[in-house]
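Q: no letters, just coordinates:
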């Protein structure tokens, strides 16, 4: 007879969330619930609007409550209260450890921009695995399978449902329980786990606390190419994700969903805006294959690099093996090559296509 599989190890119970000042998140209402007594809304930016005596509801705009109310139902729209606030976690001792469980989602035949080869995610991930780079350099890692989104463009996709299913796999695998931090990394992000550990050490987040990291000084300060959550924060997120799906919905990007969910559940955050450099936060004029942003050796993840040549080119610049000026100019690049917007190098007459590096150190 075949031997039975050994049971998965279990971890000791962990705290549910950091405390919220002034109120507790249990008192505050989700949208659609009555907030007339608590006068408090879970979601950041929402207010408790009065409909009439004995009933009020949370929204970011009372006009929406009026719009979707049954005919004849009126609202006073008196503001009874605001949101519960978000928790900013302070540095503390003893500090959390720095072991990392990292995962990425590979989507065969995913949505790609012009000039990018279908299946690039599989190629980049295979390279990472073979060379122990990116997530393969974490203490533990996993690769999950995604599906092509049906809505959105290559710049912005509606992918909340896809990642909610992936998080269920993370829960089932239970690898995150053995690490201090869970890190979700986009395949096309050039990611350095050792740098992340150094940043976490510098932040000194309190041990055994539910906390996640704001990663960039852009819009809502949390972009999905690099999502860093403490193990306790993952516990809270997984335990309550059904409620978040019900009340927050699934019509947007998974990063905004994740942030809103964590905030609503009382999970605190710390901020380190040098964790992520993302071209999507740049103004006009950026180039998908440009390695110039990779010069900053403080950055933990650089995004996006949607080909092996550009991903590896960025990696080599980031560790100082090549300089941006060693690459062909983006104006003169050929298909498949990495390039530099600041370089003036051109291909020699009669030369063939390359990885984009025209001068090797």
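A: Thanks, I have it. Source: prediction; values computed, not measured.
Q: with adjacent residues omitted, what lies nearest to the most centrally placed residue in the chain?
A: The centroid of the chain falls nearest to residue 224 when counting by C-alpha atoms, centre = their mean (2.5 Å). Spatially, and ignoring its direct neighbours in sequence, residue 224 is nearest to residue 255 (3.1 Å; C-beta to C-beta, 6 or more residues apart in numbering). C-beta coordinates here come from the backbone N, C-alpha and C atoms, glycine included.
Q: any idea which helix or strand carries the one you found?
A: Here residue 255, judged by DSSP states H and E, is contained in helix 254-264.
Q: just checking, what packs against that helix?
A: In terms of contacts (3 or more C-beta pairs under 8 Å, 6 or more residues apart in numbering; DSSP states H and E), helix 254-264 is packed against helix 160-173, strand 226-230, helix 231-248.
Q: who touches the last one?
A: With contacts defined as C-beta atoms under 8 Å, 6 or more residues apart in numbering, helix 231-248 is touched by 11, 14-17, 30-32, 42-43, 160, 164, 167, 170-171, 176-177, 179-182, 208-212, 229, 257-258, 260-262, 264-267.
Q: now swap in the second one and tell me
A: Taking C-beta under 8 Å, 6+ apart as the criterion, the residues outside strand 226-230 that touch it are 96, 180-186, 189, 191, 196, 200, 205, 209-213, 215, 237, 255, 258, 262, 275-276, 300-301, 303.
Q: weakest of the helices and strands packed on helix 254-264 by average pLDDT?
A: Within these, confidence is poorest for helix 160-173, with a mean of 92 (mean pLDDT).
Q: in strands only, show me the contacts of strand 226-230.
A: Mapping these onto strands (DSSP state E) picks out 181, 182, 183, 184, 185, 191, 211, 212, 213, 276, 301, 303.
Q: need the max-distance pair from those.
A: For these, the farthest-apart pair by C-beta to C-beta is 211 and 303; their separation is 22.4 Å.
Q: pLDDT score assigned to residue 361?
A: pLDDT for residue 361: 81.
Q: burial measure for it, as a count.
A: By other C-beta atoms under 10 Å, 9 other residues sit near residue 361.
Q: same check, this time on residue 195
A: 17.
Q: now residue 132
A: By other C-beta under 10 Å, the residues close to residue 132 number 10.
Q: which strands and helices sit next to the worst-scoring helix or strand of the chain on mean pLDDT?
A: Within the chain, no helix or strand scores below helix 160-173, which has a mean of 92 by mean pLDDT, DSSP states H and E. Counting contacts by 3+ C-beta pairs under 8 Å, 6+ apart, helix 160-173 is packed against strand 100-106, strand 140-145, helix 231-248, helix 254-264.
Q: in a markdown table, list the ones you listed along with mean neighbour count.
A: Below are the helices and strands packed on helix 160-173 laid out as a markdown table (neighbours: other C-beta atoms under 10 Å):
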| stretch | mean neighbour count |
| --- | --- |
| strand 100-106 | 23 |
| strand 140-145 | 17 |
| helix 231-248 | 19 |
| helix 254-264 | 23 |
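Q: just so I know, which of these lies nearest residue 64?
A: Per C-beta to C-beta, nearest to residue 64 of the helices and strands packed on helix 160-173: helix 231-248, 14.1 Å.
Q: how far off helix 254-264 does that closest one point, in degrees?
A: Computed by axes from the mean of the first three to the mean of the last three C-alpha atoms, to 10 degrees, the angle separating helix 231-248 from helix 254-264 equals 100 degrees.
Q: tilt between helix 231-248 and strand 226-230?
A: 110 degrees.
Q: just the buried residues from the contacts of helix 231-248, in PyMOL please.
A: Buried residues within those, by 16 or more other C-beta atoms under 10 Å, are selected in PyMOL with:
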select buried, resi 14+16+17+30+31+42+43+160+164+167+170+171+176+177+179+180+181+182+209+210+211+212+229+257+258+260+261+262+264+265+266+267
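Q: of the helices and strands packed on helix 160-173, which approaches residue 220 most closely?
A: Of these, nearest to residue 220 by C-beta to C-beta is helix 254-264, at 6.3 Å.
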